[in-house]
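J.: Please find the sequence and the predicted model below.
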Amino acid sequence: MGKAYYPVLLDLQNRICVIVGGGQVAERKAASLLEAGAMVKIIAPEVTPRIEAWGEEERIGLRRERYSPGMTELREAQLIFAATDHAGVNAQVKREAEELGTLFNSADDQESGGFIVPAVVRRGRLTVAVSTSGASPALAAALKRRLEAVFPAAYEPYLELLHDLRTSIQEWVPDTRIRQEMFRGILAWPLLEVLEREHGEAAAGWKSLLLERLRRDPSPAGVERTGEWLLEQVRQPGSGGDSGHRSDYRSNPG
């Protein structure tokens, strides 16, 4: 039986994260950290061309030296990653991280660190993470590929629409119970199907149409009627959230 890990999503915006190592593994970790808004600092005598470019563009802090204990960067870090090809160096980085009380991850021995980086599928606001707790990174990668098929790209505009609808309903409906019933009803709409078919291109048009209907009738019954209306639009050939469709709706509000 392996370790029991506590899954968590970290807000790393403007947080210092240090990577010791400059190869492909370090590059992948840096790319993910930059995507999360972290302040990335890399310590390595040799780095990939992409890391070199990030340093020249000042997207990262780059110290072209071999790691040695006591470097300022590690004392400032909220997270420390060891991503070198040398087990001895990685172990030394781990010892220093433990002395500093800083969370540490090792590329060559994930279970030896304080946290594991899962395989991640991102679709805008949606984050789906999977981990084998270090037992089989290959399986984690295979599961990630399966999840990419389960959650297509349309989930990004879909979740943005759900967020906008939720925000508006919170403003219009003071009763928590009624709001929750409306939120559940919206999930029954064929909205994801619409966005998949249109590759998310008409999301803004659908947003204005749906908000207009719900504004008139902000209730569970209104959600149900809007869902029925949306289903009718889906069944019509050439349907979409464009200006022509909007005109049809206004003349026949239903």
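T.: Thanks, I have it. Numbering: from 1, shown residues only.

J.: how about the helices in the stretch 1-150 of the chain?
T.: Counting by DSSP state H, counting those that start in this stretch, the stretch 1-150 of the chain has helices at residues 24-35, 49-56, 72-76, 87-100, 137-150.

J.: Using CSV, lay out those together with mean neighbour count, distance to residue 42 and mean pLDDT.
T.: C-beta coordinates here come from the backbone N, C-alpha and C atoms, glycine included. Putting the helices of the stretch 1-150 of the chain into CSV (neighbours: other CB atoms under 10 Å; distance: least, CB to CB, whole Å; pLDDT from 0 to 100) gives the following:
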stretch, mean neighbour count, distance to residue 42, mean pLDDT
helix 24-35, 18, 6, 97
helix 49-56, 15, 6, 98
helix 72-76, 15, 9, 96
helix 87-100, 17, 13, 95
helix 137-150, 13, 22, 95
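
J.: so where is this structure shaky, pLDDT-wise?
T.: The chain contains residues with pLDDT under 70 at 1, 200-201, 237-254.

J.: Got the domain ranges for it?
T.: Per the record, the chain has its domains at 16-117, 118-151, 155-251, by automatic domain parsing.

J.: Residue 112 is nearest to which of the helices of the stretch 1-150 of the chain?
T.: Proximity to residue 112 (CB to CB) singles out helix 87-100 among the helices of the stretch 1-150 of the chain, at 6.5 Å.

J.: Could you export the helices of the stretch 1-150 of the chain as CSV, including distance to residue 3?
T.: Shown next, in CSV, are the helices of the stretch 1-150 of the chain (distance: least, CB to CB, whole Å):
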stretch, distance to residue 3
helix 24-35, 21
helix 49-56, 31
helix 72-76, 24
helix 87-100, 16
helix 137-150, 15
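
J.: Residue 156 is nearest to which of those?
T.: Nearest of those (CB to CB): helix 137-150, 12.7 Å.

J.: Determine the set of other helices and strands touching the closest one.
T.: Counting contacts by 3 or more CB pairs under 8 Å, 6 or more residues apart in numbering; DSSP states H and E, helix 137-150 is packed against strand 119-123, strand 126-130.

J.: tell me the most buried of these?
T.: When you average the neighbours per residue for each of the helices and strands packed on helix 137-150 (mean count of other CB atoms under 10 Å), strand 119-123 leads with a mean of 17.

J.: What strands line up against it, and which way round?
T.: In the sheet, strand 119-123 lines up against strand 126-130 (antiparallel) (DSSP bridges).

J.: Using PDB, write out every CA atom in the strand it pairs with.
T.: Only the C-alpha atoms of strand 126-130 are listed here, as PDB (Å, rounded to 0.1, in the frame of the first residue of the first chain):
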ATOM      1  CA  LEU A 126     -11.900  22.900 -16.200                       C
ATOM      2  CA  THR A 127      -8.900  21.100 -14.700                       C
ATOM      3  CA  VAL A 128      -9.000  17.300 -14.600                       C
ATOM      4  CA  ALA A 129      -6.000  15.700 -12.900                       C
ATOM      5  CA  VAL A 130      -5.100  12.000 -12.600                       C
END
